[in-house]
Structure formats: C-alpha cells, structure tokens
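[1] Okay, here's the prediction I keep looking at, along with the sequence it came from:
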Amino acid sequence: MKKMLILFGGESTEHEVSRNSAFNVINAVDTDKFDVIVVGITKDGNWYLCDCQREMIKDGSWENVCKKEVVIAPGKGGITILSDDKSEFVPVDICFPVVHGTNCEDGSLQGLLKLAHIKYVGCQVLSSAVCMDKDITKIILEKNNIPQTPYVVLFEGENKTEEIEEKLGYPCFVKPVNAGSSIGAAKASGREELIKNIENAFKFDKKVMVEKFINCRELEVAVMGNEELILAGPGEIVSDAETYDYDTKYVTNSGVSYDIPANIPAEMFEKIREYAKKAYKVLECSGLSRIDFFLDKDTGEIYLNEINTLPGFTNISMYPKLFISTGITYSDIITKLAELGENVK
C-alpha cells in the first residue's frame, strides 16, 4: 500500500480554508490504496504529526494536542517524526498538499518537496509561483491572446490614483496580487474608498492590483491532467451578495447557489473551455487547477479572472463539485490526482 502524506494549514491567511479542505480530503481517501499520514502546519510555521480525531483538524483544536514535530530533509524521500528524543523516518510515495496561499501554493512548499525527493499533487515550482502572482499571470496570458480585465498594479509607496481613474474608472476592484479566497479584496466606488481599499490590500501583500469592475457572471472550469487534460465545467456561482467575498464563500455561504453546468450558449461554453486549456498549457500547469472566468452581462465578453493551482476542497468548493457532476466520485478524484503527481515529468 502506498503512503500518502496530507499536508494542511500553513502560515497563509487561508489557513482556516485549508483545514476544512483537508478534513474532506482525509475522509475521502481510498484507504484500500493509500495509508494516510497527516501533518499540520501551524500559523507560526511549525509542522506537527496529526494523530488526533479528524474533527479536531476542522475546528483547529488539533494544535492543542498534536505535539510530535515533523521535519523534511533534502534527498530523503520522506518525513522524520520527532518525539521524546527519538526519531522515526517515514518514507512517502505521494504528498497531497491541501494548502492555500503564501508559502503553500506559491512554489515555496513545492520547492521543499522537490528537494526532499517527494512526489506531490499539483503544479510544479515554476507554474505554482507564476500562477500565484496575478500580475505575472496576466502578462503571460495577454501575450497568448487570452482576454483579461483592464488593470493597474501598484507597489508599496506608489500613488497611481489618477492613472487608475483614467484607465479603469469607478467602480473598480482592489485586491492583493498574491492572495486568494478574496482575502483583502474590495470594491471601490470613489477616490476615498479606493485609497482606503488599497491601504487595506497592502496589509496582505507588497503588490496590489486594481481591476476594472465588470458586471459579470462568475464561471469556473476544473482541469485535471499533465499532458492529457480532463475538463469539467464551466459551472456558475450565483450569489445574492454584491461581491462573492470571503465571508460569502466560507462564513455565511447564504444566498449562494451553483449551476453545474452553467446555463450559457454551447458556443460560449466551448470557448471558455478552450481558453482554460490554453491557459493551463501556457502556464505549464500539471495535476490540477481551477480556472475562473468573468462573463460580462452587458457585452457578452469573456475574461479569464485567475487560475488556482491548489483549489479548495471544502464541502462548497467548485473543483470537486464540477468533477463529481461528471460522474467521478470524490475518492476517485483524489486517487487520480495522486497518480498524476507520481507521474509528472
């Protein structure tokens, strides 16, 4: 039986989302195929073996009881568990990093696993880093003629208010470049609100993006594969909220429904899928990604919003929902992703 290491948590602002994702993944793993070992990463960056009840992972109480430290060393092909002045080395066949955000899906963790000679689920170092940075992603997609919303990027200390107003106008949308789950993102309807939202976004990142606000429908495509790709969707997130922000996604989830597949014309459906495949290829993704699109309600234009190389696996997450709608079970999704991780070139 193969040994699967599941990592969750992390120092990211998406720590809580990761816990919920991991809870679902752990419960869905095919235990006839994989012997699972779970390691949690605290918000302080400490790694511990999670030999506790699964519910404790979901609510965060695992940190109060799990105290066996875990380390990964280059070239070892596994993890070392430390406890009571003793150490136990555990070889790992495949790692499933059920993590999100900074130091988790931005290539940092992927680089560590690569140095440790541990195969892992998901995109490799380069594509993980590039896709995490919305600015760099847009540059590559624009070069490959994949439509993007107009935008302006700011580094700390820069004042581009007039450029934003001239190029984008109001309302516009402010977000940290390297954050996910809509953390630090907000709509600005005027100059005062724009300045306030930019200041807030800089609390989460050193680089901030301001995009033209699109009166849109939000469509998502799930992609699985290395060289040969399997697509599910697009599906549509329908929300009563003005913006589909963090609270709407993960706290209240009120007024939210999912149309799978999305109710759009067949030609538009296929065009979005083609854009998704092209983006996946030019960004050198592997394993999995969820690719998000805007469909302008006023003009019918399609814009690629962003690509998520380690999408959520919570009970409301679109990536598993989309593939489950095609007849693949949650357990089979995990098994297939593990196989892709073992066979990535």
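    Happy to help now that I have it.
[2] Endpoints of stretch 58-66, how far apart?
    From its first residue to its last, stretch 58-66 covers 14 Å (CA to CA, to the nearest Å).
[3] With stretch 185-192 instead?
    For stretch 185-192, the first-to-last residue distance is 16 Å (CA to CA).
[4] Now that stretch: average pLDDT?
    Average pLDDT, stretch 185-192: 93.
[5] How far does that stretch sit from its chain's centre?
    Computed by CA atoms, centre = their mean, to the nearest Å, the chain-centroid distance of stretch 185-192 equals 25 Å.
[6] One more: stretch 79-94?
    Counting by CA atoms, centre = their mean, stretch 79-94 is centred 28 Å from the centre of its parent chain.
[7] What of stretch 33-45?
    Chain-centre distance of stretch 33-45: 18 Å, with CA atoms, centre = their mean.
[8] quick one: the helices in the chain?
    Under the criterion DSSP state H, the chain contains helices at 15-28, 54-59, 108-115, 125-132, 134-143, 161-167, 191-201, 246, 266-282, 318-324, 330-343.
[9] Run through who's touching the second one.
    Spelled out, that is helix 54-59. Helix 54-59 is contacted from outside by 8, 19-20, 22-23, 26-27, 38, 40, 50, 62, 65, using CB atoms under 8 Å, 6 or more residues apart in numbering. In this view, the C-beta of every residue, glycine as well, is placed from N, C-alpha and C.
[10] In the protein, where is pLDDT below threshold?
    In the predicted model of the chain, residues 180-181, 241-255 satisfy pLDDT under 70.
[11] Filter the contacts of helix 54-59 down to the buried ones.
    The neighbour-count criterion (16 or more other CB atoms under 10 Å) marks 8, 19-20, 22-23, 26, 38, 40, 50, 62 among the contacts of helix 54-59 as buried.
[12] which parts of stretch 205-219 are buried?
    Neighbour counts over stretch 205-219 (16+ other CB under 10 Å) mark 205, 207-214, 216-219 as buried.
[13] and this protein, what are its domains?
    2-120, 131-147+214-343, 151-212 (automatic domain parsing).
[14] which residue sits farthest out from the middle of this structure?
    Centroid-distance maximum for the chain: residue 85 at 36.9 Å, with CA atoms, centre = their mean.
[15] related to what we said a few turns ago, turn the buried residues of stretch 205-219 into CSV, including distance to residue 279.
    Formatted as CSV, those follow (distance: CB to CB, whole Å):
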residue, distance to residue 279
205, 22
207, 21
208, 23
209, 17
210, 22
211, 17
212, 20
213, 22
214, 18
216, 18
217, 19
218, 16
219, 13
